[in-house]
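In: what follows is a predicted protein model with its sequence.
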Amino acid sequence: MINNKHESAALRQPFPTEGAFPAGADILHNPILNQGTAFSEEERDLLKLRGLLPPRVLTQELQAERALRNFRKKANDLEKYIFLISLEDRNEALFYRVVMDNLMEMMPIIYTPTVGLACQEYGNIFRRPRGLYISANDRGRVAEILENWPYTDVRVIVITDGERILGLGDLGAQGMGIPVGKLSLYTACAGIDPATTLPVMLDVGTNNEAMRDNPFYIGLPQSRLRGEAYDALVDEFMTAVAHRFPQAVVQFEDFSNHNAFRLLQKYRHHYRTFNDDIQGTAGVALAGLFSALRLTGGTLAEQQLLFLGAGEAGIGIADLVVSAMMQEGLTAEAARQRCWFVDSRGLVAAGRGDLAVHKLPYAHDHTPLTTFLEAVEALQPTAIIGVSGMPKMFTQPVVEAMARLNERPIIFALSNPTSRSECTAVEAYTWTDGRAIFASGSPFDPVELNGQTYVPGQGNNSYIFPGVGLGIVATGARHVTDEMFLAAAQTLAGLVTPDDLAIGLIYPSLKRIREVSAHIATAVAEVAYKQGLAAVPRPENLLAVVQTQMYQPTYRNYAHELAAAR
Ligand code: NAD
């Protein structure tokens, strides 16, 4: 066998053998089919590639080594991003080979933080379109646009309207970098076949005037569509997707919170859909709490949680915590009473007239409090969770108060990027004399304190959503339920080893992400079977079946495939 070519994996798009037979330059220009200089002598004849490639046949390993060397020579992270996207546009299997073999190095480039910069610069660095753009001008013809997508077997769609891109706000159509990057993570972390993924930009305009005024801005240079017209466009999209790609799960990403909660409630019981900012974040944070409890002892139902920030992340986490506490026997009301919020106007309490509807279940009776420190002293939480996007809000007095109130205070500073973190790892460990159980949204280096090393965990959503997506794809589950995220959180926490915990680490190493995703997918699939939502019968060895469905970036042997098809 030449190179390391393998037979196609279960979910791969078949090589088209009917109708117009792709050959020659059509193959080289199709990133899903292209293998560049790795096409074998036999394939070069069969696929009419002879002469279109330099004569020497390279292995994928050599191609990957060359790509990695060139990647590392780039002057900055944006250049590295451009290099990787260009590789993805030329040869997807090679792109995933490089990304998966060097995931820790590549993740910060293909996703946060570099993807944020890439979105800000999207118009300036634009080379080749990727995904589907559906704009406010397309009302009435969304189904037609979906027909233009060249693949029929779509399993995972990530859609954004670009209004709240990471911590960067409204970037309009340039937010397309987010669905593109997120879907790369689905493939790299959980083996979703890239040919079955579809990034979608719902371009409803932007209220970012600087962006609109840039002559290289790629989207509609108009202010955002709102109200009924906006809802009608999203409705049209969801209906058209259900018709054209009935097997697809639709993940909503980086919508601003006035739309995110609403759309989730509207669609979650009718379509196969979820919102990662709300539900995926909840899964990863709950997993962190479960792991922390392995260090502190006690049950989740005994905890008192205080959140800084009552947006998508905070409310999403609290809602899932409530579901988990109910599994431990609390009523919904009693569970909610254990979750408190401070937002930009102080303690979220009953009687405050300015509360958005998603905050109301957590508006408990209490005298008004303005500062977070006052809330810590009054409510005596066992855990504080920062999801405000406001840096430095876990001040020394706040953290010291937590250390006074708790033997092992749980401190999650989840705001991104690093510069927005509510406190740093060094601060959390130093101000608690090493007793804090700390996790953050962005990575922090290990901390040396009094001769001991503490390794902070990163509450990265990539631990959860790829595995959840794989579980949905593997079962064809009709809906995505809270129980699935609960199972994902429990599974993730269960994969943390005693050695991890010994150094304060409450998440498994990201190096194990494929294994983690396979286990999460299996747990999610079990829930789909239990809840009667699965579209396919349960196989005997679910984990093994899930694993065989995971894409591997190995080259296909077209000579074998074509011979078998004849
Ligand atoms: P959001 O805009 O929906 O919510 C932000 C909330 O913070 C709002 O309730 C707002 O009132 C509140 N807030 C703003 N200023 C405040 C202040 N000074 N004091 C107290 N509260 C204040 O945003 P979101 O999607 O919930 O994300 C919030 C943060 O969480 C972001 O920084 C994001 O990067 C981070 N996040 C991290 C993860 C993760 O670590 N896995 C996942 C999702 C979001």
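Out: Great, that's in hand.
In: could you find the closest non-adjacent residue to the closest residue to the ligand within the stretch 251-400 of the chain?
Out: Distances between the stretch 251-400 of the chain and the ligand by Cβ to the nearest ligand atom are smallest at Gly311, namely 1.8 Å. Bear in mind the C-beta positions are built from the backbone N, C-alpha and C, glycine included. Computed as Cβ to Cβ, 6 or more residues apart in numbering, the closest residue to Gly311 that is not its neighbour in sequence is Asn257, at 5.0 Å.
In: can you check Ser388 too?
Out: Nearest one to Ser388, counting by Cβ to Cβ, 6+ apart, is Gly309 at 3.2 Å.
In: is it true that the one you found touches Ser415?
Out: Yes: shown here, Gly309 and Ser415 form a contact pair, counting by Cβ atoms under 8 Å, at 7.4 Å.
In: neighbour count winner among those two?
Out: Ser415 (26 against 23; other Cβ atoms under 10 Å).
In: so who does the more buried one touch?
Out: 167, 309, 386-391, 421-422, 441 (Cβ atoms under 8 Å, 6 or more residues apart in numbering).
In: what's the answer for Pro113, then?
Out: Neighbour list for Pro113: 77, 166, 416-418, 442 [criterion: Cβ under 8 Å, 6+ apart].
In: which pLDDT value belongs to Thr59?
Out: Looking at Thr59, its pLDDT is 98.
In: can you offset everything so residue one is 19?
Out: Right, with 19 as the first residue, what we last looked at is Thr77.
In: that one contacts Ala56, doesn't it?
Out: Yes: Thr77 is within contact range of Ala56, at 6.5 Å (criterion: Cβ under 8 Å).
In: which one's more surrounded, those two?
Out: The residue with more neighbours, out of Thr77 and Ala56, is Ala56; 23 against 15, by other Cβ under 10 Å.
In: do you know how far that one is from Arg115?
Out: Going from Ala56 to Arg115 by Cβ to Cβ, to the nearest Å gives 10 Å.
In: what residues are shared contacts of the two?
Out: 78, 81.
In: select the longest strand from this structure.
Out: In the chain, with assignment by DSSP state E, the single longest strand is strand 215-221.
In: which parts of the stretch 469-584 of the chain are strands?
Out: 470-472, 475-476 (DSSP state E, counting those that start in this stretch).
In: what does the stretch 269-418 of the chain give?
Out: Per DSSP E, counting those that start in this stretch, the stretch 269-418 of the chain carries strands over the ranges 291-293, 323-326, 357-361, 364-365, 401-404.
In: which of the residues in the third one are classified as buried?
Out: Put plainly, it is strand 357-361. 357-361 (16 or more other Cβ atoms under 10 Å).
In: out of those residues, which is nearest to Val417?
Out: Of all these, Val360 has the smallest distance to Val417: 15.2 Å, by Cβ to Cβ.
In: okay, now the residue nearest to Ile296 when sequence neighbours are not counted: neighbour count?
Out: Distances taken as Cβ to Cβ, 6+ apart place Gly334 nearest to Ile296, at 3.5 Å, with adjacent residues excluded. As a burial measure, Gly334 scores 28 neighbours (other Cβ under 10 Å).
In: please verify my assumption that Gly334 contacts Asp295.
Out: Yes: with contact defined as Cβ under 8 Å, Gly334 counts as touching Asp295 (7.1 Å).
In: picking up where we left off before, scan the contacts of Ser433 and report the most crowded one.
Out: Of the contacts of Ser433, with other Cβ under 10 Å as the count, Glu440 tops at 30 neighbours.
In: check whether that residue sits in a helix, strand or coil.
Out: Three-state call for Glu440 (DSSP: H, G, I helix; E, B strand; the rest coil): coil.
In: which ones are touching the closest residue to it other than its chain neighbours?
Out: Excluding the flanking residues, the one nearest Glu440 by Cβ to Cβ, 6+ apart is Gly404, at 3.2 Å. Listed by Cβ under 8 Å, 6+ apart, the contact set of Gly404 reads 325-327, 411-412, 430-433, 439-441.
In: go again with 6 Å.
Out: By Cβ atoms under 6 Å, 6 or more residues apart in numbering, the contact set of Gly404 is 326, 412, 431-433, 440.
In: kindly state the beta-bridge partners for it.
Out: In this structure, Gly404 bridges to Leu326, Ala431 when assessed by DSSP bridges.
In: any idea of the pLDDT on it?
Out: pLDDT at Gly404 comes out at 98.
In: quick check, the residue in the stretch 119-268 of the chain closest to the ligand?
Out: For the stretch 119-268 of the chain, Cβ to the nearest ligand atom, closest residue to the ligand: Gly185, 4.7 Å.
In: what does the stretch 269-418 of the chain put close to the ligand?
Out: Counting by Cβ under 6 Å from any ligand atom, the residues of the stretch 269-418 of the chain lying close to the ligand are 275, 295, 299, 302, 326-332, 360-362, 405-408.
In: restricted to helices, list those residues.
Out: 275, 299, 302, 330-332 (DSSP state H).
In: can you check the pLDDT for Ala446?
Out: pLDDT at Ala446 comes out at 98.
In: relative to the ligand, how far out is it?
Out: 15 Å (Cβ to the nearest ligand atom, to the nearest Å).
In: am I right that that residue is in a strand?
Out: No: membership of Ala446 in a strand is not supported by three-state DSSP, which gives helix.
In: test my guess that it contacts Ile429.
Out: Yes: at 5.0 Å, Ala446 and Ile429 qualify as touching, with contact defined as Cβ atoms under 6 Å.
In: common neighbours of these two, please.
Out: In contact with both Ala446 and Ile429: 454, 456, using Cβ under 6 Å, 6+ apart.
In: which one, of the strands of the stretch 469-584 of the chain, ends up nearest to the ligand?
Out: Comparing the strands of the stretch 469-584 of the chain by Cβ to the nearest ligand atom, strand 475-476 comes nearest, at 7.6 Å.
In: run a quick neighbour tally on the closest residue in space to Leu488 that isn't next to it in sequence.
Out: Residue nearest to Leu488 in three dimensions, not counting chain neighbours: Ala539, with 3.7 Å by Cβ to Cβ, 6+ apart. Residues within reach of Ala539, counting by other Cβ under 10 Å, total 32.
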